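[1] What would the 3D arrangement of this be:
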Amino acid sequence: MSGRRVAAVARRIVEQFRHDRRSLGFLFGVPLVILVLIYYLFTPTGGATTQAVAIVNEDAGPGGGVLADALASAPELDARRVSAADADALLRDGRVNAIITLPRTFTQDALTSRSLALSIQLEGSDLFVNANTLGSIQRAALGGLASALANLPGGASGSGLKLDVTYLYGGPDWGTLDYLAPVIIPFLAFFLIFVLTDVSFLRERAGGTLERLLASPLQRAELVLGYVLGFLVFALLQTVVLVLFAIYVLGLRSNGSIAAVFAAQIAMVLVAVNLGLLLSAFARNEFQAVQFIPVVLLPQLLLSGILIPIQTLPDLLRPLAWLMPLTYANEATRAVMVKGAPLTDPVVFRDLGAMVLLAVALALLASRTIRREVA
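    Numbers count the residues shown, from 1 in each chain. Model (predicted):
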């Protein structure tokens, strides 16, 4: 083995990267950007650190009133005291995560040393929000119970506190994957379609196919639309396989129609295809095309509600979440699969419209990159 030849190969690699400023930027800049993003995600700088709840006090006695006051002032809860009808409306609109109901017999049960119970109805569509909300309610209720009992005559103590938990959507029989499927399916589809389009369209550019097509009477808008439709065929087939396999083979739950699930995924893959077409214009080879994968996917993984609920994001990062296509795809798919929302639901309609508009904007930008490249 010749050390000189080994050193020559090593120098060649170093020189190759030294002159590739784009790769050096990805190598040193992208990790720092991702690290800063993670830092702000896990450093308290704002965001919803409390859980929004509605309190319904049906107890006319002093015990229920004191406990309701304690819950309303608990630092871990953002509570509002409302009627049962108003609480139900707030829960269905997603403006609160849970309803806490103090039963009519709360004071009487405390005076007769019976078991004390609170009724908790969770909105239930997000696994992580469910856990955070229920934990906050439990801590606040236990903290306020002693104060409530101390205000009752005769040293009332009750015999423990029980939380009767029900769900507006989902439920205790839903597994972890049932809750995660509405965010995993869009992420997998987006990831695979973006990579396919990005690399494949780069090959069209590098192989000279694109220039030969542009030398024909074909207009640039027609070219982009043709590529989008061509890639979309495989994107739709992949989406069909992914959704049907998840629901009918793995048995994951879906309360909404399959057609509505497909509509959300079709809008999302339109964005992925056009984003792949656009970013491929900024890569000279497949290695540079692959470098776009973490740049595009990691922020969406962190900010689109897959791992961290959007309402708990720091104030600095929450606006960025609404620039992520997967945020809208996740919201629409969760609304359909968990809540059973139809396509006409305002949230689903809004999210589908946002993704379609984003896809159109990306297609127009992709057309401009083609024009600049060959003009």
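
[2] What helices and strands are in contact with the helix or strand containing Ala146?
    Here Ala146 is covered by helix 127-150, with elements defined by DSSP states H and E. With contacts taken as 3 or more C-beta pairs under 8 Å, 6 or more residues apart in numbering; DSSP states H and E, helix 127-150 sits against strand 51-57, helix 62-72, strand 77-81, strand 98-102, strand 116-122, strand 161-167, helix 176-206. No exception for glycine: its C-beta is placed from N, CA and C like everyone else's.

[3] Could you break the protein into its assigned domains?
    Following automatic domain parsing, the chain resolves into domains at 51-167, 176-374.

[4] wait, Leu307 sits on Pro299?
    No - contact criterion C-beta atoms under 8 Å: Leu307 and Pro299 do not qualify, at 11.8 Å.

[5] the more surrounded of these two?
    Between Leu307 and Pro299, counting by other C-beta atoms under 10 Å, Pro299 is the more crowded of the two (19 against 11).

[6] Was I right to think the more buried one contacts Pro325?
    No - here Pro299 does not reach Pro325: they are 11.0 Å apart, not a contact under C-beta under 8 Å.

[7] Under a three-state scheme, what state does the residue nearest to the spatial centre of the chain occupy?
    Centroid check for the chain by C-alpha atoms, centre = their mean gives Gly305 as the closest residue, at 2.4 Å. Here Gly305 is recorded as coil under DSSP: H, G, I helix; E, B strand; the rest coil.

[8] Could you check how far the spatially closest residue to it that is not a sequence neighbour is from Val241?
    Excluding the flanking residues, the one nearest Gly305 by C-beta to C-beta, 6 or more residues apart in numbering is Asn330, at 5.1 Å. The gap separating Asn330 from Val241 is 20 Å, by C-beta to C-beta, to the nearest Å.

[9] Just want to know which of those two has more residues nearby.
    More neighbours surround Asn330 than the other of Asn330 and Val241, with 26 against 11 (other C-beta under 10 Å).

[10] What's the end-to-end length of stretch 38-53?
    With C-alpha to C-alpha, to the nearest Å as the measure, stretch 38-53 spans 28 Å from end to end.

[11] Revised request: answer the last question for stretch 111-129.
    End-to-end distance for stretch 111-129, by C-alpha to C-alpha: 34 Å.

[12] how far is it from where the chain is centred?
    26 Å (C-alpha atoms, centre = their mean, to the nearest Å).

[13] Can you give me the buried ones in it?
    For stretch 111-129, burial by neighbour count (16 or more other C-beta atoms under 10 Å) applies to 111, 116-127, 129.

[14] do stretch 178-188 as well
    Residues Asp178, Tyr179, Leu180, Ala181, Pro182, Val183, Ile184, Ile185, Pro186, Phe187 are the ones in stretch 178-188 that count as buried (16+ other C-beta under 10 Å).

[15] ok, now which ones touch the fourth one?
    With contacts defined as C-beta atoms under 8 Å, 6 or more residues apart in numbering, Ala181 is in contact with Ala246, Leu252, Arg253, Ser254, Met337.

[16] which residue sits closest to the first one in space, ignoring its chain neighbours?
    Taking C-beta to C-beta, 6+ apart, and ignoring the residues beside it in sequence, Ala246 has Leu252 as its nearest neighbour in space, at 4.9 Å.

[17] Lovely, talk soon.
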